[in-house]
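what would the 3D arrangement of this be:
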Amino acid sequence: MTPVTSLWLPILVSSVFVFILSSVIHMAPLWHRTDFPKMPNEDGVRDALRPLSIPPGEYMVPRPSSAGGMRAPEFLEKMERGPVVMMTVFPNGRTGMGRSLGLWFLYLLAVGFFAALVAGRALPPGAAHRPVFKFVGLTAGLAYIAALWQLWIWYRRSMSITLKATVDGVIYAAVTACTFAWLWPQ
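Modelled structure (predicted):
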């Protein structure tokens, strides 16, 4: 068993590596540029929504008032007539990246911590690179990938975005695993 306190360096370094790599992946002009296409008549949609003053939050339209309401003829008619929408409304104004990047880095630290916790329980100091890579890679991969498929299943996130984000997650997990294998205490 390797104490998690002796794994602070691979946790931190892998978080920095994944943070930098994810920034490059998301700023590259080819990989994610088609994730969110421009909405037809975007200005008309914005003009129609603006007077409604919808507060920031998650919304579903149409939405029944109860589970039983999903069978009501009025609700079924609204679903047929459309549009059927799930959306996130952000606050108006400029959206700074600082908060999101800070939370993303905290998430990377948490993934590294849990990967260290799992691998540290299973492996002693001085463990060979291959088992370190396997334990850390599997744990980090689950953290980076598993929830993406729930969004595809339940919220109809596009398969293209889900697959690209899954590839991103595999890359992040591999970088995390390589970093831990490299810096695993002797």
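
helix or strand next in line after the lengthiest helix in the chain, which one?
Taking DSSP state H as the criterion, the chain has its longest helix at helix 129-155. Counting by DSSP states H and E, the element after helix 129-155 in chain order, helix or strand, is helix 159-183.

in three-state terms, label Trp31 for me.
coil (DSSP: H, G, I helix; E, B strand; the rest coil).

let me see the contact set for the residue nearest to it when sequence neighbours are not counted.
Closest residue to Trp31 apart from its sequence neighbours, by Cβ to Cβ, 6 or more residues apart in numbering: Ile25 at 5.9 Å. For glycine as for every other residue, the C-beta is placed from the backbone atoms N, C-alpha and C. Residues in contact with Ile25 (Cβ atoms under 8 Å, 6 or more residues apart in numbering) are Trp31, His32, Asp168, Ile171.

just Ala115 next, same as before
Listed by Cβ under 8 Å, 6+ apart, the contact set of Ala115 reads Ile11, Phe135, Val136, Thr139, Ala140, Ala143, Thr176, Ala177, Phe180.

what distance do you get for Gly82 to Pro62?
9 Å (Cβ to Cβ, to the nearest Å).

hang on, the earlier thing: tell me the pLDDT at the residue nearest to Trp31?
pLDDT recorded at Ile25 is 93.

is it within a helix or a strand, and which one?
Short version, using DSSP H and E: Ile25 is in helix 8-27.
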